[in-house]
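# how would this look folded up:
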Amino acid sequence: MSNLDLLKQLIRIESISPNDNGCFEVIKQAFNGLDFTFEETNYKNISNLMISNGNSKSKTFCFLGHTDVVPPGPESEWTLPPFSGEILDNKIYGRGAADMKGGVACFISALKEFLLECKEPSFNIMILLNSNEEGKLENGKVDRVINEMIDKGKFIDFCLIGEPSSSKKVGDVIRIGRRGSLSGNLKVYGIQGHVAYPKQALNPILGIGRTLEDLKNMKWDHGNENFDPTSFQVSNIKSGTGAENVVPGVLEMTFNFRFSPESSPDILKGMFEALLKKSDLKYDVSWTLSALPFLTAKTEFIDIVKSSIKDISNIDTRIDNGGGTSDGRWVAPMGSEIVELGPLNKTIHQIDEHVDIKDLDTLKEIYKKILIKVHQSS
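Numbers count the residues shown, from 1 in each chain. Sure thing, here's the model as predicted:
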């Protein structure tokens, strides 16, 4: 089965997070005839699939990925149905084509081709997939599987994540770390009243105005050579009773910090609340820490990935640790060397998500070259 055929099958499965909905079964079938074991676990609302060929070698290479996707949005706005896996102008369309069923399909195809040429790899091979990378933290993540591996003394040396890292050409950008993510929910309390009697009311919308401007202009840190400065964004504000003549009594705001290692959650919380206290309004704020920053400091695997991209595409790849979070944050405590390399990310989560068929072939060849170089170096 080619990477394109496998990707078509995966796209046709509506695996909206946190439901795998059958992707694991398709992937298992792709390993027919190969000496791999399968271990499927279910925690909370998610599924995890570990595929491995033993633990007899000194090093373990792991491909980390996810089979879940975000909802398609209005299906009527898609050029082709979002779960059809249809091809138009040499591009395959569908939710998950780039993020990240394309990476999963390419890695499995690359691995099968590699094993045809190399019957006895010099390293352990593992594929770890989960069904809730895109979903809510409270549904569960792949971290429990990783923690159980650590408890059993099993560790990943090289971890390749097929997240869509590329910008304009496959392999032009890789990631070796990610910023942390700290979210908050703020409630600002005023006094509800009639708009015609402002002295008898206290408007939380007007009260938070200057604070929002301060938050917009705040320099949280300056980042460092590996990470952009910490950023702050408001994702939602709601207030009001629905009546045009009533001053609301409460305002709710959700927000997020994507923070570099130059800041900590406690420092950011303190800076945020110091600005709030200037408003003289009563407030409550709750916090959710969903990711800490991580960075691959060792260079062996990074060099293997960069040289493989150079060999296949003649590109001098660039490291950019921006973007959202990834499941690499769960593997990082192992001390693993982590690299994210996948398709172009320009259409991820968008209407008409797609990936170029030629890009899939290029990515498969890069993955295969990485496996060859890991074999040679182990």
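
# Now the longest helix along the chain: average pLDDT?
Counting residues, the longest helix found in the chain (DSSP state H) is helix 357-377. On average, the pLDDT along helix 357-377 is 97.

# list the buried ones in it?
Neighbour-count burial for helix 357-377, with 16 or more other CB atoms under 10 Å as criterion, is recorded at 357, 359-375. Quick note: C-beta positions are derived from backbone N, CA and C, even for glycine.

# Stretch 198-209: which residues count as buried?
Quick answer for stretch 198-209 (16+ other CB under 10 Å): A201, L202, N203, P204, I205, G207, I208.

# out of these, who's nearest W78?
I205 (37.3 Å; CB to CB).

# that's a helix at that closest one, yeah?
Yes. According to DSSP: H, G, I helix; E, B strand; the rest coil, I205 belongs to a helix.

# Now do the strands in the stretch 51-200 of the chain.
Here the stretch 51-200 of the chain has its strands, by DSSP state E, counting those that start in this stretch, at 60-66, 87-88, 91-93, 124-130, 158-161, 173-174, 177-178, 180-189, 193-194.

# quick one: which of those strands is nearest M334?
Of these, nearest to M334 by CB to CB is strand 158-161, at 8.2 Å.

# neighbouring contacts of the closest one?
59-65, 103, 107, 301, 304-305, 326-328, 331, 336-342, 367, 370, 374 (CB atoms under 8 Å, 6 or more residues apart in numbering).

# Just the buried residues of these.
Here, 16+ other CB under 10 Å leaves 60-65, 103, 107, 301, 304-305, 326-328, 331, 336-342, 367, 370, 374 buried among these.

# neighbours of the closest residue in space to D99 that isn't next to it in sequence, just the number please.
Counting by CB to CB, 6 or more residues apart in numbering, D99 lies nearest to I348, which is 4.1 Å off, once chain neighbours are set aside. Counted with other CB atoms under 10 Å, the neighbours of I348 add up to 22.

# Same question for V170.
V170 has 30 nearby residues by other CB under 10 Å.

# just checking, it touches D361?
No. The criterion here is CB atoms under 8 Å, and V170 misses it with D361 at 9.3 Å.

# same for the host helix or strand of W330, what does it pack against?
W330 is part of helix 328-331, with elements assigned from DSSP states H and E. Helices and strands touching helix 328-331, by 3 or more CB pairs under 8 Å, 6 or more residues apart in numbering; DSSP states H and E, are strand 60-66, helix 143-151, strand 158-161, strand 177-178, strand 337-340.

# rerun at 10 Å
strand 60-66, strand 124-130, helix 143-151, strand 158-161, strand 177-178, strand 282-291, strand 294-295, strand 337-340 (3 or more CB pairs under 10 Å, 6 or more residues apart in numbering; DSSP states H and E).

# so who does the spatially most central residue of the chain touch?
Residue closest to the average C-alpha location in the chain (CA atoms, centre = their mean): S326, at 3.3 Å. Contact analysis of S326 by CB atoms under 10 Å, 6 or more residues apart in numbering lists 64, 66, 100, 133, 161, 163, 165, 175, 177-178, 291, 294, 338, 340.

# which of those tops the neighbour count?
Result: H66 is most packed of the contacts of S326 (other CB under 10 Å), 32 neighbours.

# residues touching it, list them.
Contacts of H66 by CB under 10 Å, 6+ apart are 15, 17, 20, 23, 46, 48, 96, 99-101, 103-104, 128-135, 141-142, 161-163, 326-327.

# cool, E133 as well?
17-18, 46, 64-69, 99-100, 141-142, 161, 163, 325-327.

# again, only using 7 Å
H66, D68, D327 (CB atoms under 7 Å, 6 or more residues apart in numbering).
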